[in-house]
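Enquirer: Curious how this folds, go ahead:
(chains A and B)
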Amino acid sequence: MLAFLDQVVAVTLMNLRALKERAASSLVAIVGIAGVVLVLVAVLSIAEGFRATLTSAGSPDTALVLRAGSDTEMTSGLTLEDTKIIADSPEVLRDEQGAVASAELFVIIALPKISTGTDANVPLRGVQPAAFSVREDLRIVEGRNFEPGRNEVIVGQGAQGQFAGLGVGDLIELGQAQWTVVGVFTTGGTIADSELWCDAKVLQPAYRRGNSFQSVYSKLKSPEAFEAFKDALTSDARLNVKVMRETDYYAGQSTILITLIRTLGILIAILMGLGAVFGALITMYTAVASRTREIATLRAIGFASMPVLISVMAEALLLAVVGGLLGAGLSFLVFNGYQAATMNWQTFSQVTFAFAVTPKLMILGFLYSLALGFVGGFFPALAAARLPVATALREA
Amino acid sequence: MASGEALVRVQNVHKVYHRGNERIDVLRDLDVNVGKGEFLALMGPSGSGKSTLLNIIGGLDRPTEGGVEVGERRIDRLNDGQLASWRARHVGFVFQFYNLMPVLTAERNVELPLLLTNLSRAKRKKQVETALALVGLSDRAKHYPRQLSGGQEQRVGVARAIVTDPTLLLCDEPTGDLDRKSGDEILDLLEGLNQQHGKTIIMVTHDPLAAARATRVLHLDKGQLSSEAAA
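Expert: Got it, this is the predicted structure:
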């Protein structure tokens, strides 16, 4: 066994020492594999970032109430009376201002994207004062909050980074009126950062919504109070509503896009992977061809085919390891935290999010590089191990 | 005819290659015995089958028909794995172009066949030193092949071939790539190994002067023995 290991080590070291003589083709294989890993991790980091943005939004003790049959706030509608009944529910948390429940309006406005100059849909949310108690993590990072009753908006940090004309003091045209941007807020990178907020009472007439709202966000006394809250509202004859945890609502919104991005990412990675495998195959076949005499000599001396096979595989895997580490490392350096915006297909509005290159994704990319190296090395290794010794010695 | 006890018995060996639809009979019903301690030279024109015969005796190739016995072993009946380990124990090869590993020093090249044994590192080192001393290259142990002359490279090749003390030394045109002086040094070395250490050597050569160093010369032509002479 020891002799076998010695054989493997000796032949493998010989291969690796000769790597610098094949630097160019080895580099091609490394770059090819690194590129595939880079793209795979980058694309999946979009899905991961989008998922993180949507699923980190919300808290388990916050409930969202929509009209029954609605999947999103866009398609929901609640009367003022409905919102009062909901806020009066005993499970809703109360503070000195009363029930911590905010009846809200959700409209889509068009703003030009900084990157392209073309208009894109941006969510504008009209909120009640309790909204700031429901979203405890919201803080103003620049300027001030809007004043009730005035045409003022505050903009999420993500939206400000993606859309033009959202600086503090800027004026924007909304619903046939001019609004002033008075502040910038953040909720720590959740979906709310993609929105613009204003006073619901000002938004209602601007968009001819009368006294209607689309949703109620309620902070419950505890996460466990949710079931009682839901049962009470859904069995109330005066209401026709759907009750969800805020976390579930946003998680549901991310499903379509995440599935789409992941499928696309994996498809691209497979196609690019085919290219990289061919690159690795050519590199390793060249490596084997350039060492035909050495391999044949070793076999003539008495080395078994297995150490030869393992040594070629080891070389291919080493190239893959370098490529994998390079690709995963680069993807982290280049893409982690990269700010972008994309369409939320549930609300047809833009969501800003940051690419998230997580350790899990980097490990996945690295494992993929090993798989590419394995496939790329296996057939050349087999060819090396099956080399007809007498012919190879004569022709080399 | 072999002198003394036969170490190698080649019996009715026929070797056929196919190139497309063409059948090439490289060896035709060949019978050759090589005695223990003999130094046999195989001569003949290109394509006469001498290298094929050497490869068959060395277990690198198999006869299409017939049998090959080395010692008491029918090597034509061994599978690839068995043949590889048989070669490791019983055969030392010397190649025309030395076939050293360019990334290994002389001593590491010589050590290669010993990696196939169960010898400890210390014992391997000792045997490598002995083999290199025998070929007069103790002072070049740490040199890489590119730092050696052709003659020195071939001497490393000979050291690698003898380091395991094999039963048979098979040399394929060992002086074919060397100038006369270096070639003579290699032949001196082989002669010494045969005469002083009793090594059985089979050497393929085109060179009559090289063949003259052997104890017996066989001429092959079109896969058959054409003449045999004591050198």
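Enquirer: burial of residue 145, as a residue count?
Expert: In the absence of a named chain, chain A is used. Residue A:145: 16 surrounding residues under other CB atoms under 10 Å in any protein chain shown. (C-beta placed from N, C-alpha, C; glycine too.)
Enquirer: hmm, I had chain B in mind actually
Expert: Count around residue B:145 with other CB under 10 Å applied: 19.
Enquirer: can you pull the contacts of it?
Expert: Applying CB atoms under 8 Å, 6 or more residues apart in numbering or on different chains, we find residue B:145 in contact with B:98, B:100, B:101, B:102, B:104, B:106, B:109, B:153, B:156.
Enquirer: Burial check on the first one, number of neighbours?
Expert: By other CB under 10 Å, the residues close to residue B:98 number 23.
Enquirer: distance of the residue of chain B found nearest chain A from residue A:390?
Expert: Using CB to the nearest CB, residue B:88 is the residue of chain B that sits closest to chain A, at 2.6 Å. Distance, residue B:88 to residue A:390, using CB to CB, to the nearest Å: 17 Å.
Enquirer: Repeat that for residue A:76.
Expert: Applying CB to CB to residue A:76 and residue A:390 gives a distance of 81 Å.
Enquirer: What strand or helix carries the residue in the stretch 151-300 of chain A that chain B sits nearest to?
Expert: Of all residues in the stretch 151-300 of chain A, the one sitting closest to chain B is residue A:297 (4.1 Å; CB to the nearest CB). Assigned by DSSP states H and E, residue A:297 belongs to helix A:292-301.
Enquirer: Using CSV, write out the CA atom coordinates for that helix.
Expert: Output of helix A:292-301 as CSV, limited to C-alpha atoms (Å, rounded to 0.1, in the frame of the first residue of the first chain):
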residue,chain,number,x,y,z
THR,A,292,3.6,10.3,-23.7
ARG,A,293,7.2,9.2,-23.5
GLU,A,294,7.4,9.8,-19.8
ILE,A,295,4.2,7.9,-19.1
ALA,A,296,5.3,5.1,-21.4
THR,A,297,8.7,4.9,-19.7
LEU,A,298,7.1,4.8,-16.3
ARG,A,299,4.7,2.0,-17.4
ALA,A,300,7.7,0.2,-19.0
ILE,A,301,9.6,0.4,-15.7
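Enquirer: I would like the residues contacting it, please.
Expert: A:11, A:14, A:288, A:305, A:308, A:384, A:387, A:389, A:392-393, A:395-396, B:58, B:60, B:84, B:87-88, B:93, B:95, B:97, B:99, B:101-102, B:112-113, B:116, B:160.
Enquirer: dump the residue contacts of the residue nearest to residue A:170 when sequence neighbours are not counted.
Expert: Using CB to CB, 6 or more residues apart in numbering or on different chains and skipping residues adjacent in sequence, the residue nearest residue A:170 is residue A:181, 4.7 Å away. Neighbouring residues of residue A:181 by CB under 8 Å, 6+ apart: A:143, A:152-155, A:165-172.
Enquirer: Burial check on residue 71, number of neighbours?
Expert: You didn't pick a chain, so chain A it is. Close neighbours of residue A:71, defined as other CB under 10 Å, add up to 15.
Enquirer: switch to chain B, that's the one I care about
Expert: Residues near residue B:71, counting by other CB under 10 Å, number 14.
Enquirer: that older thread, next, work out how far apart the residue of the stretch 151-300 of chain A closest to chain B and residue B:140 are.
Expert: According to CB to CB, residue A:297 and residue B:140 sit 20 Å apart.
Enquirer: Phi and psi next, for residue B:172.
Expert: Dihedral pair for residue B:172: phi -100, psi 100, per degrees, to the nearest 10.
Enquirer: Can you pull the phi and psi angles for the residue nearest to residue A:78 when sequence neighbours are not counted?
Expert: For residue A:78, ignoring the flanking residues on the chain, the nearest one in space by CB to CB, 6+ apart is residue A:213 at 4.9 Å. As for residue A:213, its main-chain torsions (degrees, to the nearest 10) stand at phi -130, psi 180.
Enquirer: was I right about residue A:213 contacting residue A:103?
Expert: Yes - at 4.1 Å, residue A:213 and residue A:103 qualify as touching, with contact defined as CB atoms under 8 Å.
Enquirer: hey, what's in contact with both of those two?
Expert: With CB under 8 Å, 6+ apart as the test, residue A:213 and residue A:103 both reach A:78, A:80, A:83, A:200.
Enquirer: In what element of secondary structure is the third one found?
Expert: It refers to residue A:83. Per DSSP H and E: helix A:80-87 holds residue A:83.
Enquirer: In three-state terms, label residue B:174 for me.
Expert: With DSSP: H, G, I helix; E, B strand; the rest coil as the basis, residue B:174 sits in coil.
Enquirer: Which pLDDT value belongs to it?
Expert: Per-residue confidence at residue B:174 stands at 95 (pLDDT).
Enquirer: For residue A:310, see how far away the closest residue to it other than its chain neighbours is.
Expert: The spatially closest residue to residue B:174, leaving aside those adjacent along the chain, is residue B:94, at 4.7 Å (CB to CB, 6+ apart). Between residue B:94 and residue A:310 the distance is 28 Å, computed by CB to CB.
Enquirer: Same question for residue B:73.
Expert: Noted for residue B:73: a distance of 28 Å to residue A:310, by CB to CB.
Enquirer: What is the neighbour count of residue 182?
Expert: All of this is about chain A. 22.
Enquirer: Let me rephrase: I mean chain B.
Expert: Using other CB under 10 Å, residue B:182 has 18 other residues around it.
Enquirer: In a strand, it, correct?
Expert: No - checked against three-state DSSP, residue B:182 lies outside a strand; its state is helix.
Enquirer: Residue 209: what's it in contact with?
Expert: Because you didn't say which chain, this covers chain A. A:105, A:203.
Enquirer: Chain B is the one I meant
Expert: Listed by CB under 8 Å, 6+ apart, the contact set of residue B:209 is empty.
Enquirer: Any regions of chain B where pLDDT drops low?
Expert: Along chain B, the parts satisfying pLDDT under 70 run over B:1-4, B:228-231.
Enquirer: Could you pull out the strands in it for me?
Expert: For chain B, the strands defined by DSSP state E cover B:6-19, B:22-35, B:39-43, B:65-70, B:73-74, B:91-94, B:168-172, B:200-204, B:216-221, B:224-230.
Enquirer: Is it possible to get CSV of those strands that adds distance to residue A:36 and mean neighbour count?
Expert: Listed next are the strands of chain B as CSV, based on distance: least, CB to CB, whole Å; neighbours: other CB atoms under 10 Å in any protein chain shown:
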stretch, distance to residue A:36, mean neighbour count
strand B:6-19, 42, 17
strand B:22-35, 46, 17
strand B:39-43, 54, 25
strand B:65-70, 51, 18
strand B:73-74, 51, 14
strand B:91-94, 43, 26
strand B:168-172, 45, 25
strand B:200-204, 50, 25
strand B:216-221, 55, 20
strand B:224-230, 59, 13
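Enquirer: so can I have a markdown table of those showing distance to residue A:209?
Expert: Putting these into a markdown table (distance: least, CB to CB, whole Å) gives the following:
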| stretch | distance to residue A:209 |
| --- | --- |
| strand B:6-19 | 89 |
| strand B:22-35 | 92 |
| strand B:39-43 | 104 |
| strand B:65-70 | 99 |
| strand B:73-74 | 98 |
| strand B:91-94 | 93 |
| strand B:168-172 | 96 |
| strand B:200-204 | 100 |
| strand B:216-221 | 105 |
| strand B:224-230 | 107 |
